[in-house]
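Enquirer: Next one to model:
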Amino acid sequence: MNFSEFEQLLNAKKNLHPIWFELPSDSAATEEDITEAQNDLALRLPVEYRQFLLKHGGGYFALGIVYSLDRDSDFNLARINRQHPLIGKCHLLFSENGCGDFYGFRIEKNQCLAEVCFFDHETQAWQQTGYPELFSFLAEVALSI
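Expert: Just a heads-up that it's a prediction; the model follows:
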């Protein structure tokens, strides 16, 4: 799913279910915020995640949570990844399900891959999800019942 398709879906969901968007979201990132975060984390974020951060910020997002670059947020990307160094050793955590499990992007040669992976806290293992990128993940996890 590309950014334009995601935005169309998002607008349709906002019209159908405005209550999903009542919780406050984190502030949108700037290009400078993204550059600073990438330097701080010593990696490159996936294109789709950068697009999302610039437009929507993160935090509470419909029926899900997306980590943001907002320094004052409980969902700050860098802070959460520093709190879980063993889980995120080869993955960048970008979301959670509220049950101790995480979603992340696998890191190869300081580049986050677009595909979404899932960390199961019970098995302490990462697994594939079938979501090729962030927008497909959000369409199914945050924008559907």
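Enquirer: can you pull the contacts of Leu113?
Expert: Leu113 makes contact with 46, 105-107 under the criterion Cβ atoms under 8 Å, 6 or more residues apart in numbering. (C-beta placed from N, C-alpha, C; glycine too.)
Enquirer: quick one: which of those sit in strands?
Expert: Among the contacts of Leu113, the members found in strands (DSSP state E) are 105-107.
Enquirer: Got phi/psi on Gln124?
Expert: Per-residue torsions, Gln124: phi 60, psi 40 (degrees, to the nearest 10).
Enquirer: hmm, I was thinking of Arg44
Expert: The phi/psi pair for Arg44 (degrees, to the nearest 10) is phi -110, psi 130.
Enquirer: Can you spell out which helices and strands pack onto the top helix by length along the chain?
Expert: Ranked by residue count and defined by DSSP state H, the top helix of the chain is helix 3-16. On a contact count with 3 or more Cβ pairs under 8 Å, 6 or more residues apart in numbering; DSSP states H and E, helix 3-16 meets helix 47-56, helix 134-141.
Enquirer: What are the buried residues along that helix?
Expert: 6, 9-10, 13 (16 or more other Cβ atoms under 10 Å).
Enquirer: now the helix or strand following it, how far from the chain's geometric center?
Expert: Next along the chain after helix 3-16, taking DSSP states H and E as the criterion, comes helix 31-41. Put simply, helix 31-41 sits 15 Å off its chain's centre (Cα atoms, centre = their mean, to the nearest Å).
Enquirer: which residues touch helix 31-41?
Expert: Residues contacting helix 31-41 (Cβ under 8 Å, 6+ apart): 29, 44-45, 50, 53-54, 69, 77-78, 81, 92.
Enquirer: could you redo the last one with a cut-off of 10 Å?
Expert: 27, 29-30, 43-45, 49-50, 53-54, 57, 68-71, 76-78, 81-82, 88, 92, 107, 110, 112 (Cβ atoms under 10 Å, 6 or more residues apart in numbering).
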